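Trainee: with the sequence up front, the predicted model follows.
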Amino acid sequence: MSRLLCTLLLSLLALSASAQSLTASVDRTRLNASESVELTLESNDATLFGKPDLQPLNELFEVLGTRQVNRLSSGSNGAQASTRWIITLQPKHSGYVVVPPLRLGELQSNPITLHVQQGNQTDGSQLAPVFIDASLDQESIYVQAQAVLTLRIYHSVSLYDDSSLSLLEIPQARVEPLGEPRTYEKDIGGIRHGVIELRYAIFPQESGELLIPGQAFSATTVERSSSNFNPFGPRPGRVVRVKSPEIPLQVRAKPASYPADAAWLPARAVELSEVWSPQPDTTQVGDSLTRSVLLKAEGLSSAQLPPLPATEASGLRRYPDQPQLANQASDTGLVGSREEREALVANREGVITLPAIEVLWWNTTTDQLERSQLPARALQVAANPNLESPIVAAAPVPMREDNSAELWPWQLSSALLSMTTLLGFTLWWRARRQPAVLPSQTTGPSPRNLLDDLKRSCMANDSQATRHALDAWARQQPETLAEMAARFIPLSEALDGLNGALYSESGQHWQGRNLWLAIRSLPNIEDLDSAANPDSSALPPLYPR
């Protein structure tokens, strides 16, 4: 009897120990360096809560993802509940790597040894299913010049749409994506590979050696041959994570021979052009001419292009417009452009000479100083007959000598009245015949145009153009920007966001909608005065106490 009791007690202890065990298993023990492995931890104890401590894995593995699966199965012993934790790991080193024991409360899993093989990419048959390649178009550039980084991700297996690429961030340089990613196929060693190509324009801001960091790419490979495929469960396949090599880039300082008073423009090519509307061949006094000057640089962004010199000429009034900045991706990199428009109105006849426009830049291909210019232009301005006042001679009034002393006061008053009438008619006729843009009008856009420019730049998320449009609009307001921001909190917060975008590397991600809504919601100062003194115009009470 005692032996039977001991046997039952030992059986119960064994069952309890097995119910409270934490088992560990992997889907495979041999893998390549760029591949991942799934570690499964399973417990049959339904009273356990929480999740395992994964800190011991960080030394030898990268934890790419975790998920928990709760299962309820029925068998000869009745319903049994179990909990699984599926952890996706990628080894950091090759060779024999041990998955350390993991703890869940008082339970501990068993260690597992993995054999991680170093991938060999000598030919197409030995290439990894997914690998990444990075290259620069040149090994040495000038400071603030352009270097094009090309990333190519090759895959000989199908990938799910959950792939991701780390963000390229370089503190000592500005990074501009060159268009959308391109996809194509390439045959390597007789094996067809799909290629995902991405390009970036990098503009170093400091001289010296710049290290381009490696980019990490992760994706899940498709395994359609899996027999236990569940359309409502997790996707069958392995998570692959690859990383491109780091690339050094030598950045040279600005040449000493470059003029100190000129803007530093290192580019492959710079072009200056102009367009007139209408053509300035025949123009008259008071006619408006629109001149558009375009500066285009290959290998520079639009933010690096300097303002063009203003048109200064005697006898010519100038009404400038806001500059238009644009970037365009080409096969050789980024092409930045800056277009400046201005309305020119001549206020005298004769020859008016427009000065030449010259831009200095450094040719990075020939490594020498270059000059791009627009030649001087002579405008032949003719007289405008519609603006000339007719000269009317007053007919002599016959007078008799005997009563000249009596009539001269009436004659003088009549002559003055006739002259003032003629002068008023002449001024009315001239004002009626004047063009839309008059030299006597205010030299600048209207408040409505300034508000439209501010809205357009805010909706375009252009922080630089928004700053210029906001300053121009604020100059025509009765308050300064600081006073408006002090009495309206949403405007103050929107201005803080704009300033942060202007003086940080994240200016390209600025959203101008909040600033525009704050401008539109800004209360008038008259409304605030009336709200602050509500009883200033109220009548006295009918029955005062």
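Mentor: The structure has been received and is ready for your questions.

Trainee: from here on, contacts and neighbour counts on C-alpha atoms
Mentor: Noted.

Trainee: what kind of secondary structure is residue 386 in?
Mentor: helix (DSSP: H, G, I helix; E, B strand; the rest coil).

Trainee: is it true that it touches residue 430?
Mentor: Yes: at 7.4 Å, residue 386 counts as touching residue 430 under the criterion of Cα atoms under 8 Å.

Trainee: contacts only, for the residue nearest to residue 318 when sequence neighbours are not counted.
Mentor: Nearest residue to residue 318, sequence neighbours excluded (Cα to Cα, 6 or more residues apart in numbering): residue 344, at 4.9 Å. By Cα atoms under 8 Å, 6 or more residues apart in numbering, the contact list for residue 344 reads 288, 289, 290, 291, 316, 317, 318, 319.

Trainee: so which of these is the closest to residue 302?
Mentor: Nearest to residue 302, judged by Cα to Cα, of the contacts of residue 344 is residue 291 at 20.0 Å.

Trainee: got the end-to-end distance for stretch 256-266?
Mentor: 14 Å (Cα to Cα, to the nearest Å).

Trainee: just how off-centre is stretch 299-308 within its chain?
Mentor: Relative to its chain's centre, stretch 299-308 lies at 16 Å (Cα atoms, centre = their mean, to the nearest Å).

Trainee: hey, C-alpha coordinates of that stretch in PDB?
Mentor: C-alpha atoms of stretch 299-308 as PDB (Å, rounded to 0.1, in the frame of the first residue of the first chain):
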ATOM      1  CA  GLY A 299      24.100  68.900 -59.400                       C
ATOM      2  CA  LEU A 300      22.600  71.400 -56.900                       C
ATOM      3  CA  SER A 301      19.200  71.700 -55.200                       C
ATOM      4  CA  SER A 302      17.000  74.800 -55.600                       C
ATOM      5  CA  ALA A 303      17.700  75.800 -52.000                       C
ATOM      6  CA  GLN A 304      21.400  76.300 -52.800                       C
ATOM      7  CA  LEU A 305      20.800  78.700 -55.700                       C
ATOM      8  CA  PRO A 306      21.300  82.400 -54.700                       C
ATOM      9  CA  PRO A 307      19.000  85.300 -55.600                       C
ATOM     10  CA  LEU A 308      19.600  87.000 -58.900                       C
END
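
Trainee: buried set for that stretch?
Mentor: Buried residues in stretch 299-308, counted by 16 or more other Cα atoms under 10 Å: 299, 300, 301, 302, 304, 305, 308.

Trainee: could I get the phi/psi values of the fifth one?
Mentor: When you say that, I think you mean residue 304. Phi and psi for residue 304, reported as degrees, to the nearest 10, are phi -90, psi -10.

Trainee: can you tell me how far the residue nearest to it when sequence neighbours are not counted sits from residue 464?
Mentor: Excluding its sequence neighbours, the residue lying closest to residue 304 (Cα to Cα, 6+ apart) is residue 265, at 7.6 Å. From residue 265 across to residue 464, the span is 19 Å (Cα to Cα).

Trainee: more crowded one of these two?
Mentor: Counting neighbours by other Cα atoms under 10 Å for residue 265 and for residue 464 shows that residue 265 has the greater number, 24 against 18.

Trainee: which residues sit in contact with that one?
Mentor: Residue 265 makes contact with 145, 300, 304, 305, 360, 361, 362, according to Cα under 8 Å, 6+ apart.

Trainee: farthest pair within those?
Mentor: 145 and 360 (14.9 Å).

Trainee: what about the two, which has more around it?
Mentor: residue 145 (25 against 18).

Trainee: which element, helix or strand, includes the more buried one?
Mentor: Residue 145 belongs to no helix or strand when assigned by DSSP states H and E.

Trainee: is it in contact with residue 268, as I believe?
Mentor: No: checked against Cα under 8 Å, the pair residue 145 and residue 268 is beyond contact range at 9.3 Å.

Trainee: can you pull the residues that touch both of those two?
Mentor: Listed contacts common to residue 145 and residue 268 are residue 299; contacts here mean Cα under 8 Å, 6+ apart.

Trainee: what comes up buried for stretch 271-288?
Mentor: Per 16+ other Cα under 10 Å, stretch 271-288 contains these buried residues: 272, 280, 283, 284, 285, 286, 287, 288.

Trainee: which one of those is nearest residue 252?
Mentor: Nearest to residue 252 among these, with distances taken as Cα to Cα, is residue 272, at 26.9 Å.

Trainee: spatially nearest residue to the closest one, not counting backbone neighbours?
Mentor: That would be residue 295: by Cα to Cα, 6+ apart, it lies 4.9 Å from residue 272.

Trainee: which SSE is immediately downstream of the helix or strand harbouring that neighbour?
Mentor: Assigned by DSSP H and E, residue 295 falls within strand 288-298. Note on strand 288-298: by DSSP H and E, the next helix or strand toward the C-terminus is strand 316-320.

Trainee: what angle sits between that next one and strand 288-298?
Mentor: Strand 316-320 runs at 50 degrees relative to strand 288-298, counting by axes from the mean of the first three to the mean of the last three Cα atoms, to 10 degrees.

Trainee: if you skip the residues just before and after it, what's nearest to residue 269?
Mentor: Nearest residue to residue 269, sequence neighbours excluded (Cα to Cα, 6+ apart): residue 298, at 5.2 Å.

Trainee: now do the one you found against residue 243, distance only.
Mentor: Applying Cα to Cα to residue 298 and residue 243 gives a distance of 31 Å.

Trainee: and if you look at residue 488?
Mentor: Following Cα to Cα, the distance that separates residue 488 from residue 243 is 49 Å.

Trainee: between the two, which one's more packed in?
Mentor: residue 243 (19 against 16).

Trainee: quick one: contacts for the residue nearest to the more buried one when sequence neighbours are not counted?
Mentor: Excluding the flanking residues, the one nearest residue 243 by Cα to Cα, 6+ apart is residue 216, at 4.2 Å. Each residue near residue 216 by Cα under 8 Å, 6+ apart is listed here: 165, 166, 241, 242, 243, 244.
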